[in-house]
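need coordinates for the following:
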Amino acid sequence: MRLSNLADYAVVTMSAAARHCGGGRVSAAELATETGLPVPTVQRLVSRLTAAGLLRSTRGAGGGLQLARPAAAISLADIVEAMEGPIALTTCVEGDDCSIDHECRVKPHWPLVNNVLRDALAGISLTQLALEGEPA
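Numbers count the residues shown, from 1 in each chain. The predicted structure is shown next:
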């Protein structure tokens, strides 16, 4: 399994935004500069992260972006799901048609696997991701 580039960039962007907690708002251009990502990419990420309720955007003088809730209350799973949708390793769990569905003995086990994966990602907070240097 591999995250899309946009999901990876969303984690990087949210980590940069988290480092501004308590310091006011930050612009998409500032986040682009800090992360090394192109401004249009960050703007697209910000739009999706705002729609998912992870960022809050304020227009006008003194406006900008800020986390919609504390960094400790935002998980890696939240960010990945905002970009990729529900965490699922196989499509059969989501109800998509499968040519071997009637013969598959593994299908009943995929929800457990998906839950373990989601729980692992949910156990990593944005606070941890925003730390400089080594992981906590």
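
contacting residues around L67?
When the contact criterion is Cβ atoms under 8 Å, 6 or more residues apart in numbering, the partners of L67 are M14, A17, A18, C21, L54, L55, R56, I74, L126. The C-beta positions use only the backbone N, C-alpha and C, and glycine is treated the same way.

verify the stated contact: the fifth one with S15.
No - counting by Cβ atoms under 8 Å, L54 sits too far from S15 to count as a contact (11.9 Å).

now stretch 2-16, how far from the chain's geometric center?
6 Å (Cα atoms, centre = their mean, to the nearest Å).

low-confidence bits of the protein, can you list those?
Under the criterion pLDDT under 70, the flagged ranges of the chain are 22-23, 93-97, 99, 101-102, 132-136.

quick one: the strands in it?
Defined through DSSP state E, the strands belonging to the chain, from first to last, are 55-58, 64-67.

distance to P86 added to these, as TSV?
Output for those, formatted as TSV (distance: least, Cβ to Cβ, whole Å):
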stretch	distance to P86
strand 55-58	20
strand 64-67	22
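
would you mind finding the most buried of these?
Greatest average neighbour count among these goes to strand 64-67 (a mean of 20), per mean count of other Cβ atoms under 10 Å.

please enumerate the helices of this protein.
Listed in chain order, the helices of the chain (DSSP state H) span residues 5-18, 28-35, 39-51, 76-84, 110-122, 126-130.

with mean neighbour count and distance to A61 added, can I get those helices in a markdown table?
Conversion of the helices of the chain to a markdown table gives the following (neighbours: other Cβ atoms under 10 Å; distance: least, Cβ to Cβ, whole Å):
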| stretch | mean neighbour count | distance to A61 |
| --- | --- | --- |
| helix 5-18 | 20 | 20 |
| helix 28-35 | 18 | 16 |
| helix 39-51 | 17 | 19 |
| helix 76-84 | 20 | 28 |
| helix 110-122 | 14 | 37 |
| helix 126-130 | 19 | 27 |
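
and for the protein, the residue most distant from the center?
E103 (35.0 Å; Cα atoms, centre = their mean).

ok, now which ones touch that residue?
Going by Cβ under 8 Å, 6+ apart, the list of residues near E103 is empty.

gap between it and C92?
Spatial separation of E103 from C92 under the definition Cβ to Cβ, to the nearest Å is 12 Å.
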